[in-house]
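Sequence and computational prediction follow.
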Amino acid sequence: MAAPLLQSDVSLKPLNTFGVEARARYLAHIEDAAQLEPLLDDPRVRDLPRLVLGGGSNLLFAGDFDGLVVKIDIGGLRELEAGSETWRVEVGAGENWHATVERLVAGGRPGLENLALIPGQVGAAPIQNIGAYGLELAERFESLRAWDTERRQVVTLALADCAFGYRDSVFKHEAVGRRIILSVTLALPRTWMPVTGYADVGQELVARGVSQPQPRDVFDAVVAIRRRKLPDPAALGNAGSFFKNPIVSRDKRAELIAKFPSLVSYPLAGGRFKLAAGWLIDAAGLKGATRGRAGVYERQALVLVNRGGATGGEILALAREVQDKVAEKFGVRLEPEPLIV
């Protein structure tokens, strides 16, 4: 297959949900895996830095990108032979994540409804090991197909190969950028049970008068919660939760609880605790703060927003201020979720 069209000096503003202006030296749209080899062999880009871009919902451009941006637009959804306990579905990396979740729920293949309305494309989901409201992608993941830029071939990575952790995976560490995700195979439970242990979900279902939730009930509840808490990127530029919830030891949590009795935390395996980063930012006095054209969202302090015309540098400066003030008050340093380019 011929190489895709290689565009030069391209604005990336339409391709990132923060809506910040940045330019790429080169940009190519990939609709088929066969386009990757001729693209990466092109002498104009062969030796340049490379950024693989999905929906642009989990990154912040702090400046222009002097290299090649590879925009993945590979579509498709097909059901594979079912396992004894799961429905197996392969989805193209360029498919919209939320639309995929809704399509599967509507088609009688539930299991992802707690992850509804997470922005971005399917191919980005394993990189971040996306999670929300009591569920992580790793719990519904079977394998993925990727183009290995060193071996120059398509490879398959199983669950164990991906080294999933909290908002983490092998793709953020070992050989970063080596593998370009083409498709993801999901394993959805044939015997479905609602995941409603997360307080917000349970409360929303009660408010809706739902005592025995079906998949669509959970889907609708999660969508309603997210729409109340999070701004629509089309109206107010953002990348969703900007900071990870920090994980601390039992002793550190006890120390903080002694000083801040209303601290919000969640127990984890091994005696550790996850702290609510939004609570920390709010308690540090930054919820709703505005610095120039960048701000902390009024309804959810985890979200940084572009109030109109902000540069990536302005948003990054605000993020660092948040980190510094939370660290000063609580002795805990927040880690950004988005990739900062």
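Sure thing, it's come through.

low-confidence ranges in the stretch 101-250 of the chain?
175 (pLDDT under 70).

Try it again at 80.
174-177 (pLDDT under 80).

could you pull out the strands for it?
Here the stretch 101-250 of the chain has its strands, by DSSP state E, counting those that start in this stretch, at 131-132, 135-136, 141-148, 153-158, 179-189, 237-241, 247-248.

What is the longest one packed up against?
Using 3 or more Cβ pairs under 8 Å, 6 or more residues apart in numbering; DSSP states H and E as the contact criterion, the secondary-structure elements in contact with strand 179-189 are strand 65-72, strand 86-92, helix 125-128, strand 141-148, strand 153-158. For every residue, glycine as well, the C-beta is placed using N, CA and C.

and the fourth one, what does it pack onto?
Same thing as strand 141-148. Checking 3+ Cβ pairs under 8 Å, 6+ apart, strand 141-148 ends up next to strand 153-158, strand 179-189.

can you rerun that using 10 Å?
Packing partners of strand 141-148 (3 or more Cβ pairs under 10 Å, 6 or more residues apart in numbering; DSSP states H and E): helix 36-41, strand 86-92, helix 125-128, strand 153-158, strand 179-189.

in what helix or strand does the residue lying farthest from the centre of the chain lie?
Distance from the centre of the chain peaks at A258, with 33.4 Å (Cα atoms, centre = their mean). Assigned by DSSP states H and E, A258 belongs to helix 250-259.

list the helices and strands that helix packs on?
Where contact means 3+ Cβ pairs under 10 Å, 6+ apart, helix 250-259 is packed against strand 247-248, strand 265-267, strand 273-275, helix 312-330.

Including distance to R216 and mean neighbour count, could these go into CSV?
As requested, the helices and strands packed on helix 250-259 are exported to CSV (distance: least, Cβ to Cβ, whole Å; neighbours: other Cβ atoms under 10 Å):
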stretch, distance to R216, mean neighbour count
strand 247-248, 33, 18
strand 265-267, 27, 14
strand 273-275, 29, 20
helix 312-330, 36, 18
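
what's the closest of the ones you listed to S8?
helix 312-330 (20.9 Å; Cβ to Cβ).

and G278, which of the three is it?
helix (DSSP: H, G, I helix; E, B strand; the rest coil).

how many other residues sit next to it?
Close neighbours of G278, defined as other Cβ atoms under 10 Å, add up to 21.

who's in contact with it?
Neighbouring residues of G278 by Cβ atoms under 10 Å, 6 or more residues apart in numbering: 229, 241, 243, 245, 264, 287, 296-297, 299-303.

of those residues, buried ones?
Taking 16 or more other Cβ atoms under 10 Å as the criterion, what is buried in those is S241, F243, N245, K287, V296, Y297, Q300, A301, L302, V303.

So which of those residues belong to strands?
Of the buried ones among the contacts of G278, the ones assigned to strands by DSSP state E are S241, V296, V303.

ok, back up a step: how close does the residue farthest from the centre of the chain sit to I74?
With distances taken as Cβ to Cβ, to the nearest Å, A258 is found 52 Å from I74.

returning to that earlier point: of the strands of the stretch 101-250 of the chain, which stretch is the most buried?
strand 237-241 (a mean of 24; mean count of other Cβ atoms under 10 Å).

got the angle between that one and helix 312-330?
Relative orientation of strand 237-241 versus helix 312-330 (axes from the mean of the first three to the mean of the last three Cα atoms, to 10 degrees): 30 degrees.

Strand 237-241 pairs with which strands, and in what direction?
strand 303-306 (antiparallel) (DSSP bridges).

what about the strand it pairs with, distance to the chain center?
Distance, stretch centre to chain centre, for strand 303-306: 15 Å (Cα atoms, centre = their mean, to the nearest Å).
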